[in-house]
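Undergrad: this is a predicted model, with the sequence first.
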Amino acid sequence: MAAITPDEIIQILNLKPLPVEGGYYAETYRSFPMPSISGDAGLESTSRPLSTAIYYLLTPDTFSALHRLPGDEIYHFYTGDPVELLILDQDGSTHTRILGTDFASGMRPQVIAPGGAWQGSALCPGGSVALLGTTMTPGYHHVDFELGFRADLIRQFPTAAGHIRRLTR
């Protein structure tokens with residue numbers, strides 16, 4: 001099979017730039033909405049999907065900026081070069097997980113970013129493209145997305161300062 005370029009993947013899968021977070025994406029699944037929620041501080045009453053799934057593409061000039069969501073996000077590695085996923089947990093611990101197919105070296109094709117943890121990802125050094133997917137249950141809703149700010153995260157997680165600088169704008 002001939003190598004496929006990032007631009008070809010973007011075109012074939014109809015991926016679009018992901019605002020704020022970075023990378024390219026296409027939503028592939030959105031379930032029927034759950035009943036409305038209300039009473040959450042600062043959130044409008046809204047219905048939300050039971051589950052969502054997306055394709056997500058990273059290139060050398062993109063990264064997933066550190067962000068957090070209230071629910072777990074499951075990452076799936078499809079093809080390409082390994083991806084480093086940084087997880088900054090609510091308990092102050094930091095974890096780096098590598099998504100890829102070299103299982104003997106510790107890479108995994110599926111990684112869970114727990115709800116409430118800061119998460120961000122980028123290609124491992126030297127990589128040219130990676131196609132991932134993510135699923136969430138309950139599904140993604142824009143009111144839940146919280147972007148991380150470099151100075152705040154470095155104060156909270158000083159041992160991960162280098163990673164934080166790489167995954168914030």
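TA: Sure, I can see it. Numbers count the residues shown, from 1 in each chain.
Undergrad: which residues of this structure score low on pLDDT?
TA: 1-2, 34-46 (pLDDT under 70).
Undergrad: hmm, try it at 50
TA: Scanning the chain for pLDDT under 50 picks out the ranges 1, 41-45.
Undergrad: all the strands of it, residue numbers only.
TA: 16-17, 24-30, 52-58, 64-68, 73-80, 83-88, 94-99, 110-113, 118-123, 130-136, 146-147 (DSSP state E).
Undergrad: who wins for proximity to residue 169 among the ones you listed?
TA: strand 64-68 (6.0 Å; Cβ to Cβ). For glycine as for every other residue, the C-beta is placed from the backbone atoms N, C-alpha and C.
Undergrad: from the contact counts, what lies against that closest one?
TA: Here strand 64-68 touches strand 118-123, strand 146-147, going by 3 or more Cβ pairs under 8 Å, 6 or more residues apart in numbering; DSSP states H and E.
Undergrad: now with 6 Å, please.
TA: strand 118-123 (3 or more Cβ pairs under 6 Å, 6 or more residues apart in numbering; DSSP states H and E).
Undergrad: now the strand it packs on against strand 83-88, angle please.
TA: 160 degrees (axes from the mean of the first three to the mean of the last three Cα atoms, to 10 degrees).
Undergrad: paired strands for strand 118-123, with orientation please.
TA: Its sheet considered, strand 118-123 pairs with strand 64-68 (antiparallel), strand 83-88 (antiparallel) by DSSP bridges.
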